[in-house]
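Asks: here is a sequence together with a model predicted from it:
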Amino acid sequence: GNVTFSGDIGTSTSNGIYIFSTGSSNTNIGEVTFAGTNHYFGALASLQGSKFNMTGTDPQFIFGGNCMGLCVNFKDGDINLSNGADLTIDYTGNPTNSVVVQIEGSIVGPSTGTPVDVVIKNQSQHADSSIVLNYDSNKTTGTGINDITLTASNIDLYGNITTTANGSDTGDILITGAVDLKDDIAIATSGGGIAFSSTIDGAKDLDLASGSGAVSVGGTIGGTTALDTLDINNSSGTGTISLKDIGDTNTQGVTGTSNIGNNTTLTLTLAGTTYKTDAVTYTTKAGENIDLTGGADTTFTTSSDDITFGTGTIEMGNGSNLIIDTSTGGGSINIPSVMGTSSENITLTAGAGTVAIGAVGTGTEVADVTITSTGATTFSGDFTGGSLTNSGPVIIASTMDIGSTGAVNFGSTLDTSNGNQAIGFD
């Protein structure tokens, strides 16, 4: 049958029940309704129901005892939040124990009225502690939800997450902790930001769509387990994007295609030094909007797959030398333009693939440029920098001025695209 708790359980600071269970192994339990605000449990809570109705104002579920293992579990049913029911689930107990906070069903906000907020925290600092969200099949977090905050050492995502704007509050998603994708995951806001503080792993697809909201990932993507695909605002959205590393020295971060940004993305900040993917496209609006800020050699690598920088110009920050290597099998390299800050170097290696590059450098921003491939390199802009070395055939697609302070070496044939282009040496 159905169960209703019409008032509080404990207070906001002291427990009302030490160990709390509804349903247990009884799979016929009905709906469980919490009409109060404070629900404080001393140790653990195993809550089973066909549905969990949160009808009180800003319901908070606090778990403050000395628990270990699966300490908080909303089992089977979806959590349904009424108007005014901003939800907080917070494990505050022993910080050294391995603790799991699990939500098996969906979390659903009100279908009409004001969207509500969701905060889920597991404050145990144990390396194995986690939040498990939407564990059952085809469960999601969204519909009528504004801001979402998830905080734990580890966060296992099984379902999609979406937010809805509440007036000028466009619905941010803040995920603090290492994320493991347990299924293909789509995360979307209505212009709110999407922020990951740490790493993202899992052999699944990840799709982030934030509209005008900023997207940031503070840890390595696919450093332990590579993602299948990665899309970030690839079809639309002006929001800025900031990424650390994709993959590391031992792991290719994404094994399938990645599409990061679009031609309205304001800026793409690549703050790491390693970007190891399959075929990938990085795109922003025109201008110096693809920023390399790692302060050291910044290396983009594929296994014979294409690397494309779309529309936006790459700007190498101080010491962020650009290195691109598509291996020996023929991955092409496409770059609209590259600028620097303090005489950074550019090294492009395409194996049997082609290279297409626009304007390079101005003043003393760029030092030496080395392009190695057996495929053709197409230049479509001026060159200003140190030495310029190209091993394969060269095609000049537009009249090109070369202002070089070092040697210029074209190691193979030199042609124009249609006979109407010229090369000038300053």
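Replies: On my side now, so go ahead.
Asks: need the contact list for the residue nearest the centre of the chain.
Replies: Residue closest to the mean C-alpha point of the chain, counted by Cα atoms, centre = their mean, is Val217 at 5.0 Å. With contact taken as Cβ atoms under 8 Å, 6 or more residues apart in numbering, Val217 is in contact with 196, 200, 242-244. Placement of C-beta: from N, CA and C, glycine included.
Asks: what do you get for Leu227?
Replies: Contacts of Leu227 (Cβ under 8 Å, 6+ apart): 181, 200-206, 221, 253-256.
Asks: check those residues for burial and list the buried ones.
Replies: 181, 200-202, 204-206, 221, 253-256 (16 or more other Cβ atoms under 10 Å).
Asks: nearest to Thr170, of those residues?
Replies: Nearest to Thr170 out of these is Leu206 (Cβ to Cβ; 20.9 Å).
Asks: my read is that the closest one contacts Ile185, right?
Replies: Yes: here Leu206 reaches Ile185: they are 5.5 Å apart, a contact under Cβ atoms under 8 Å.
Asks: pull the residues that contact stretch 140-147.
Replies: 81, 106-111, 113, 115-118, 133-134, 148, 159-166, 169, 171-174, 192.
Asks: alpha carbons only: can I get that stretch in CSV?
Replies: C-alpha atoms of stretch 140-147 as CSV (Å, rounded to 0.1, in the frame of the first residue of the first chain):
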residue,chain,number,x,y,z
THR,A,140,16.7,10.4,-16.3
THR,A,141,17.1,13.5,-14.2
GLY,A,142,15.2,16.4,-15.7
THR,A,143,11.8,18.0,-16.6
GLY,A,144,10.9,20.9,-14.3
ILE,A,145,14.4,21.0,-12.8
ASN,A,146,16.5,24.2,-12.7
ASP,A,147,19.9,23.9,-11.1
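Asks: from the chain's centre, how far out does that stretch sit?
Replies: 19 Å (Cα atoms, centre = their mean, to the nearest Å).
Asks: quick one: mean pLDDT over it.
Replies: Mean pLDDT, computed over stretch 140-147, is 96.
Asks: and the buried ones among the contacts of Leu227 as CSV, adding distance to Ile314 and pLDDT?
Replies: CSV is the format used below for these (distance: Cβ to Cβ, whole Å; pLDDT from 0 to 100):
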residue, distance to Ile314, pLDDT
Leu181, 29, 98
Ile200, 24, 98
Asp201, 27, 98
Gly202, 29, 98
Lys204, 29, 98
Asp205, 27, 98
Leu206, 24, 98
Ile221, 20, 98
Gly253, 19, 98
Val254, 20, 98
Thr255, 24, 97
Gly256, 24, 97
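Asks: and of those, the nearest to Asn97?
Replies: Nearest to Asn97, judged by Cβ to Cβ, of the buried ones among the contacts of Leu227 is Asp201 at 23.6 Å.
Asks: in stretch 188-198, what counts as buried?
Replies: 188-196, 198.
Asks: out of the residues you listed, which one has the lowest pLDDT?
Replies: Minimum confidence in those sits at Ser190, scoring 94.
Asks: assign a three-state SS to that residue, would you?
Replies: coil (DSSP: H, G, I helix; E, B strand; the rest coil).
Asks: thought Gly211 was touching it, still the case?
Replies: Yes: applying Cβ under 8 Å, one finds Ser190 in contact with Gly211, separated by 6.3 Å.
Asks: find residues that contact each of these two.
Replies: Common neighbours of Ser190 and Gly211, counting by Cβ under 8 Å, 6+ apart, are Thr170.
Asks: now Asn418: how far from Ile107?
Replies: Separation of Asn418 from Ile107 (Cβ to Cβ, to the nearest Å) stands at 60 Å.
Asks: the two: who's more crowded?
Replies: Ile107 (29 against 8; other Cβ atoms under 10 Å).
Asks: correct me, but that one touches Ala85?
Replies: No: between Ile107 and Ala85 there is no contact under Cβ under 8 Å: 10.9 Å.
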